[in-house]
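Chemist: Pasting the sequence and the predicted model now:
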Amino acid sequence: MISENPSWVPLSATEIEDLVAKLANDGLVSAKIGLVLRDQYGVPNVKLATGKTITEIMKEKDVAPSLPEDLSNLMRRAIDLNVHLRDNRGDVSNKRGLNMIEAKIRRLERYYKRNGVLPADWKYSLSNAELMLK
């Protein structure tokens, strides 16, 4: 396990932080930012280079998304599956899949409320998800 930033990394910590903020302003999520930094800028690990994760840097620079990335990805999957189910009403296995995804969303909702990431009055519903994400 590597515990320090390699000497061959071309960017300094402040340059990496500025680049993360720029990429986040361009609409990229943290996973995509990590890929861009690795593939295009030669930064193998942001945390080793800066001492902070990409999400922490995004919060510091006030460019973090309002919803956590995993929750918004699950909500997008639920929306897409609901659209599929409108056209294919007899698709029982995907109805169950939608129920399973919504259960994950509700578990994450409880977790994020408990840890103060989401406000206490935030509530998931499929119609609200469509308004927030599309």
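Modeler: Arrived safely, thanks for sending.
Chemist: How about the secondary structure of the residue at the greatest distance from the centre of the chain?
Modeler: Relative to the centre of the chain, the most outlying C-alpha is that of G90, 32.1 Å out, by C-alpha atoms, centre = their mean. Three-state secondary structure (criterion: DSSP: H, G, I helix; E, B strand; the rest coil) places G90 in coil.
Chemist: Let me see the backbone angles for it.
Modeler: For G90, the backbone dihedrals are phi -90, psi 0 (criterion: degrees, to the nearest 10).
Chemist: Could you shift the numbering so residue one becomes 48, and keep it that way?
Modeler: All set: I'll call the first residue 48, so the last point we hit is now G137.
Chemist: Now do it against R124, distance only.
Modeler: According to C-beta to C-beta, to the nearest Å, G137 stands 20 Å off from R124. To be clear about C-beta, it is placed using only N, CA and C from the backbone, and glycine gets the same treatment.
Chemist: could you point out which element follows the host helix or strand of L132?
Modeler: For L132, the element it lies in under DSSP states H and E is helix 116-134. The first helix or strand that comes after helix 116-134 along the chain, using DSSP H and E, is helix 139-161.
Chemist: Only the buried residues of that next one, if you could.
Modeler: 144-145, 148-149, 152, 155-156, 159 (16 or more other C-beta atoms under 10 Å).
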